[in-house]
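S.K.: Sharing a sequence plus its predicted fold:
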Amino acid sequence: MKSIFMKKYWLLLGAVFAFSLTGCDSDNNKDPEFNPGENPKTDFAYILNEGNFKANNTSIMLYNKHNNTGTDFYYKRMNGEPLGDTGQDILVYGNKVYISIYGSGRLLITDKKLNKLGEISAGKDRAPREFAAGEGKVFVSFFDGHVGVIDTVTLKLDSKLYKVGRNPEGIAYQNGYVYVVNSGGLDAPNYDSTLSKINLKTGDISTIEVGKNPTSILPIKDNKFLIRRNGEYDENKDNGGLLVYDPKTDKVKAIDDALPGLLAVSGNKAYYITTVYNFEKKKNDLTYNILDLNTLKVKKESFLQDTSMISDVRAIAIDPFDKDIYIADPLGYKSAGKIHVFDKNGKFKKTFSAGISPKKIIFF
């Protein structure tokens with residue numbers, strides 16, 4: 001279901017952390033100055049911290065870029081309730097924020113300050129994963145093999161669910177279609193190997209073979225998509241790879257046969273970090289690559305000038321305003337992770353603390 005380094009995470013339990021970058025944070029501390037949407041620049045980021053499995057310590061940190069301060073457990077601070085167990089995804093669409101909590105089966109909708117507007121109780125068996133948005137709707141993959149549709153006005157889940165492949169994960173929307181990759185991760189080693197293509201107008205669903213254990217899909221230029229597949233978690237078997245999928249032809253093209261652990265797209269570049277598990281060292285070997293989206297050629301030289309401060313990678317994000325590169329380092333998943341920030345040329349700028357297992361970073 002996840003890469004090797006994530007398998008370690010399921011075994012780890014940790015205490016709940018509530019802190020800011022300038023010291024320990026409590027629910028009584030003064031709120032940071034926070035006015036989202038008043039400036040076209042990206043002044044803030046939300047960092048979704050997955051937490052430890054069954055520890056109910058998922059959190060969201062509000063990070064202020066300009067004074068380098070962060071407030072963890074910001075959702076709890078605003079609403080007086082915890083997020084729950086095992087956060088998966090966070091999406092800003094319109095003037096609302098959507099949050100999926102896999103272990104607790106929760107779908108939460110808030111305003112941009114994380115004031116709760118509504119909740120959909122999907123159930124633990126449904127197990128919500130990732131979001132995509134389009135046509136005034138938010139689409140969510142459910143690990144039980146379905147895709148659901150959230151009405152952004154009523155904040156309700158449509159009664160119609162789309163039946164897709166086994167254990168769908170990454171999801172994307174484009175031109176009237178929803179695309180979701182099906183990992184089959186709960187059936188390992190009998191993984192799924194398909195992409196489901198949903199025609200929203202007709203309800204028809206087609207299936208495209210993309211290779212074993214696909215987990216992520218991202219839109220790129222020319223209406224194409226990047227797909228990450230994890231392959232098998234064994235040193236002697238399929239190591240996964242990076243693919244380009246063209247929905248016009250439903251064909252896939254292999255780009256790299258090394259496991260691209262994390263992906264981020266910015267302009268005509270896709271940044272990806274290969275995470276190949278070293279069975280001798282018992283850790284991931286990391287490489288930092290760029291895919292030129294004009295030529296679909298991989299530049300194997302590192303896009304970071306210095307990686308000595310990085311122990312492992314849980315997420316990568318590109319600030320859409322200044323193109324700074326954010327690398328989430330889980331630091332063993334036992335306690336607070338770190339976010340390492342580099343400029344657009346890969347020069348190290350700073351490091352700040354996050355929560356447990358930082359998983360997703362969004363800017364606004």
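M.R.: Arrived safely, thanks for sending. Residues are numbered from 1 along each chain as shown.
S.K.: count of neighbours near Lys347?
M.R.: Lys347 has 11 neighbours, counted by other C-beta atoms under 10 Å. For glycine as for every other residue, the C-beta is placed from the backbone atoms N, C-alpha and C.
S.K.: Same question for Glu209.
M.R.: Other residues within reach of Glu209 by the criterion other C-beta under 10 Å amount to 11.
S.K.: Does it touch Ser193 like I think?
M.R.: Yes - look at Glu209 against Ser193 with C-beta atoms under 8 Å: they come within range, at 5.8 Å.
S.K.: Show me whatever sits in contact with both of those two.
M.R.: Contact criterion C-beta atoms under 8 Å, 6 or more residues apart in numbering; residues shared by Glu209 and Ser193: none found.
S.K.: and Asn56, what does it touch?
M.R.: By C-beta under 8 Å, 6+ apart, the contact set of Asn56 is 82, 84-85, 103-104.
S.K.: Then Leu293?
M.R.: Leu293 sits in contact with 220-221, 265, 267-270, where contact means C-beta under 8 Å, 6+ apart.
S.K.: Buried ones among these?
M.R.: Among the contacts of Leu293, those buried by neighbour count (16 or more other C-beta atoms under 10 Å) are 220, 265, 269-270.
S.K.: got those residues as a markdown table, with secondary structure columns?
M.R.: Formatted as a markdown table, the buried ones among the contacts of Leu293 follow (DSSP: H, G, I helix; E, B strand; the rest coil):
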| residue | secondary structure |
| --- | --- |
| Ile220 | coil |
| Val265 | strand |
| Lys269 | strand |
| Ala270 | strand |
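S.K.: Give me the local confidence score for the nearest residue to Lys54 once chain neighbours are set aside.
M.R.: Nearest residue to Lys54 in three dimensions, chain neighbours excluded: Asp85, at 6.0 Å (C-beta to C-beta, 6 or more residues apart in numbering). Per-residue pLDDT puts Asp85 at 97.
S.K.: ok, Asp85 to Ala55 distance?
M.R.: Distance, Asp85 to Ala55, using C-beta to C-beta, to the nearest Å: 7 Å.
S.K.: Of the two, which one has the most company?
M.R.: More neighbours surround Asp85 than the other of Asp85 and Ala55, with 21 against 16 (other C-beta under 10 Å).
S.K.: just the strands in the stretch 1-150 of the chain please.
M.R.: For the stretch 1-150 of the chain, the strands defined by DSSP state E, counting those that start in this stretch occupy 19-20, 23-24, 44-49, 59-64, 69-71, 87-93, 96-101, 106-111, 116-121, 128-134, 137-142, 146-151.
S.K.: Ok, the stretch 201-350 of the chain next?
M.R.: Going by DSSP E, counting those that start in this stretch, the stretch 201-350 of the chain shows strands at 205-209, 214-219, 225-229, 241-246, 251-256, 260-266, 269-278, 283-292, 297-299, 315-318, 325-329, 336-342, 348-356.
S.K.: Measure how the first one sits relative to strand 251-256, angle-wise.
M.R.: Looking back up the chat, that one is strand 205-209. Strand 205-209 and strand 251-256 are oriented at 40 degrees to each other (axes from the mean of the first three to the mean of the last three C-alpha atoms, to 10 degrees).
S.K.: Note down every partner strand of strand 205-209 and its orientation.
M.R.: Sheet pairing of strand 205-209 (DSSP bridges) gives strand 194-199 (antiparallel).
S.K.: Pull the residues that contact the strand it pairs with.
M.R.: 147, 162, 164-165, 168, 176-182, 204-210, 214, 217, 227, 245, 247, 250.
S.K.: Just want the angle from it to strand 214-219.
M.R.: Using the same axes, to 10 degrees: strand 194-199 against strand 214-219 is 40 degrees.
S.K.: tell me the mean pLDDT over strand 194-199?
M.R.: On average, strand 194-199 scores 99.
S.K.: Which of the residues in it are classified as buried?
M.R.: Buried-residue list, strand 194-199, by 16+ other C-beta under 10 Å: 194-198.
S.K.: How about stretch 89-98?
M.R.: Neighbour-count burial for stretch 89-98 [16+ other C-beta under 10 Å]: 89-93, 96-98.
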